[in-house]
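Asker: Need coordinates for the following:
(2 chains)
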Amino acid sequence: MDAIIQALLLIADPYVILLICLSSAFGLFVGAMPGLTATMATALLVPITFFMPPLPAMAVIVTTSCMAIFAGDIPGALLRIPGTPASAAYTNEAYAMTVKGQAETALGAGVVFSAIGGIFGTIVLATSAPLLAEVAIKFSSFEYFWLVCLGLTCAVFIALDDPVKGMLALFIGLAVALIGLENPAGLPRFVFGVTDLMSGIEMIPAMIGMFAIAEVLRIVAAATTRLPPARAISGSIFKGQWTLTKKYPKQILRGSTIGVLIGALPGAGADIASWITYATAKKFSKEPEKFGTGHVEGIVESGAANNAAVSGAWIPALVFGIPGDSITAIVIGVLYLKNIIPGPMVFVNQPAIVTGIFALFFLANLILIPFGWLAIKSAKHILAVPREILMPIVLLFCIVGAFAVTNSPFAIGVMLAFGLIGFLMEEHGFPVAPVILGIILGPMLEQNFVTSMIKSDGSFLGFFNRPIAAGLGVVTLAVWGVMLLRGLKAIRVPQTA
Amino acid sequence: MRFHDSVCGAVLLALAVFIFTYALTIPPMPGQQYGADVFPRMVAIGLGAFSLMLVFRGWKYSAPGTPWVAIAPWMRDPRTRGNFILAFVLTIAYVLLDDIVGFIPLGIAILMVLFVRQKVEWRKGAVIAVAMVVMTQFLFGNLLRVPLPRGILTGFW
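Answerer: Here you go, the predicted model:
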């Protein structure tokens, strides 16, 4: 109870409220701007959150991500260009509604059901995370080893069409994590006499590179940076939303549930939740023939799912220190910078922070409705901001942001190198999210593996001696078996390049 | 530029071989069987195995006539190729020159070059560049106390 009161007092601080308002506006702008993603928005904010106390820093990230995921719907409906990948699944549907003169309903459904999905996800986060933490507190290096293996595997298994390239991306991330002194023996590895590499590759500049610089390079290399003009929204976006809520309760519940579950799986975030729930909406619909013609049902289910996934991704991040998506990968980096080690002990040692995060999610999803309304009404002006002006400014912020983390130009070099790696990987069909997971989870995997091997005197049977470890081990091995079969099948699939 | 999957696999295989060879030079932990060399070897083996799969898949199942290197459309167009190279080169220039020139002049120069390149009207570009850099200096340099290098403007404030 003390933690709840303390958390509410922290959030009621005018400084935090001001930050929430500013980050709402920032999240909505970035999300609505095609090419700028929610992850990029979060990565760009890290250098600023670096100078804030933990809870205001979390307020900025939570609010920005919730707003940005919804705002991706705006250009999707108005221009047929998704603002973020999480809106891509139903962009055609929303645009078809706009063509039919129902843009207000499409965008209204986006904002209302995003808020409902987000609140559902928050309830699941607030109820399940403390329970899981109580179990996780009993975990030893054996359980953590399997958990990390499972997390890394899930990221590749669930998220990707090409598991071979997914696994390679993961191993590239693990290879990056080898650099530096952070290993069980504390020996410098792969540093080649460069002092800046002793502490390993700084996570934040690497993420700014992969998620922001790679995107900037992609847009400047695009044939055109100009967006077509968007129409203004004049009617009420809330008209008819109550009718939709009464008509589609199952879809809302299913979308929110699937969204939060997918969000909680390491590596799979709002975009995958959105695609899957659009498919389930169509599969279980009484009117599947209407999908693709401007039918709101898929928007209701997917819109709820992508915001539910944002909250769901925080479950493994807070409880185990395993990121649920690329945004929580950045969050884990920010928490480490603030000397808060994500894991079950954070629920014991810093309960006010944890409760504060839950409260922030509630608040962010509630204020999504008025802020979302404002963003929709201003959409014409937001989308008129020229990207040829925006991209150089984003590049400048990336440079300053990377520098601010270590106050060293070396970090800018790291950012640029990872930006180029991210760009090249995407050009060649390699996903970048597993690289980040590999960088974050590599040290955790090595530490738990070596500690477990030393504890068990080099016997692999030690990994199956404890009941939870054995259970996790069996599940992991089963997933690996399925992956191996899938990998062998994928080899036989003719490739285009 | 897009390389054939087999070429990508071969490059990653070379990386795996390098990691494994390097790991052999890491001294073991005294009195312990498992030290700092174990994990790099495991990573190298995993990376090598999947690289081989990619090489094999590319070699065996690629569509006939797939080139080893295909030039991406953005590389063929001098304008988009120039934009890409410019963004890259300007960031490297910042890393090399920030201490000497300072954040404000370099920041304005970078923005101006990119704006002009993107055909933003130069007077509008100049106003935005100066405003953005001064705002960034105020936010990061003054409010957040990030020691952005002052370079040639050292001593002015």
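Asker: Most distant residue from the centre of chain B?
Answerer: The C-alpha centroid of chain B is most remote from B:G31, which lies 40.7 Å away (Cα atoms, centre = their mean).
Asker: ok so that one is a helix residue?
Answerer: No: going by DSSP: H, G, I helix; E, B strand; the rest coil, the assignment for B:G31 is coil, not a helix.
Asker: Let me see the backbone angles for it.
Answerer: For B:G31, the backbone dihedrals are phi 80, psi 0 (criterion: degrees, to the nearest 10).
Asker: ok, now which ones touch it?
Answerer: Taking Cβ atoms under 8 Å, 6 or more residues apart in numbering or on different chains as the contact definition, B:G31 lies against nothing. Heads up, the C-betas are built off the backbone N, CA and C, glycines and all.
Asker: Do you know the pLDDT at it?
Answerer: B:G31 is assigned 76 on the pLDDT scale.
Asker: Compute the distance between it and A:M453, please.
Answerer: 14 Å (Cβ to Cβ, to the nearest Å).
Asker: Which helix runs longest in chain A?
Answerer: When chain A is parsed with DSSP state H, its longest helix is helix A:103-136.
Asker: Do the next helix or strand after it and chain B come into contact?
Answerer: Using DSSP states H and E, the next helix or strand after helix A:103-136 towards the C-terminus is helix A:141-159. No: residues of helix A:141-159 contacting chain B under Cβ under 8 Å from any Cβ of the partner chain: none, with a closest distance of 10.2 Å.
Asker: CA atoms of the next helix or strand after helix A:141-159 as PDB?
Answerer: Where DSSP H and E defines the elements, the next helix or strand beyond helix A:141-159 is helix A:163-177. Provided in PDB are the C-alpha atoms of helix A:163-177 (Å, rounded to 0.1, in the frame of the first residue of the first chain):
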ATOM      1  CA  PRO A 163      14.800 -18.700 -39.200                       C
ATOM      2  CA  VAL A 164      18.300 -19.100 -40.700                       C
ATOM      3  CA  LYS A 165      18.800 -15.400 -41.100                       C
ATOM      4  CA  GLY A 166      17.100 -14.800 -37.700                       C
ATOM      5  CA  MET A 167      19.500 -17.100 -36.000                       C
ATOM      6  CA  LEU A 168      22.500 -15.500 -37.700                       C
ATOM      7  CA  ALA A 169      21.300 -12.100 -36.500                       C
ATOM      8  CA  LEU A 170      21.000 -13.500 -33.000                       C
ATOM      9  CA  PHE A 171      24.600 -14.900 -33.200                       C
ATOM     10  CA  ILE A 172      25.900 -11.500 -34.500                       C
ATOM     11  CA  GLY A 173      24.400  -9.900 -31.400                       C
ATOM     12  CA  LEU A 174      26.000 -12.600 -29.200                       C
ATOM     13  CA  ALA A 175      29.300 -12.000 -30.900                       C
ATOM     14  CA  VAL A 176      29.000  -8.200 -30.200                       C
ATOM     15  CA  ALA A 177      28.300  -9.100 -26.600                       C
END
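Asker: Report the mean confidence score over helix A:163-177.
Answerer: Averaging pLDDT along helix A:163-177 gives 92.
Asker: That helix versus helix A:141-159: what angle between them?
Answerer: Using axes from the mean of the first three to the mean of the last three Cα atoms, to 10 degrees, the direction of helix A:163-177 lies 140 degrees away from that of helix A:141-159.
Asker: can you list the residues that contact the one helix or strand in chain B whose mean pLDDT sits lowest?
Answerer: Using mean pLDDT, DSSP states H and E, the weakest-scoring helix or strand in chain B turns out to be helix B:73-76, at a mean of 85. With contacts defined as Cβ under 8 Å, 6+ apart, helix B:73-76 is touched by A:221-223, B:1, B:80-81, B:84.
Asker: Keep only those of the residues you listed that are in helices.
Answerer: Per DSSP H, the contacts of helix B:73-76 map to helices at B:80-81, B:84.
Asker: ok, the residues you listed vs A:V260, which is closest?
Answerer: Nearest to A:V260, judged by Cβ to Cβ, of the ones in helices among the contacts of helix B:73-76 is B:F84 at 39.2 Å.
Asker: how much space between the closest one and chain A?
Answerer: Distance of B:F84 to chain A, given as Cβ to the nearest Cβ, to the nearest Å: 4 Å.
Asker: hang on, isn't that residue packed against A:A221?
Answerer: Yes: using Cβ atoms under 8 Å, B:F84 is in contact with A:A221, at 4.5 Å.
Asker: Could you look up the SS state of the residue nearest the centre of chain B?
Answerer: Taking Cα atoms, centre = their mean, the centroid of chain B lies closest to B:F88, which sits 7.9 Å from it. Using three-state DSSP, the three-state assignment for B:F88 comes out as helix.
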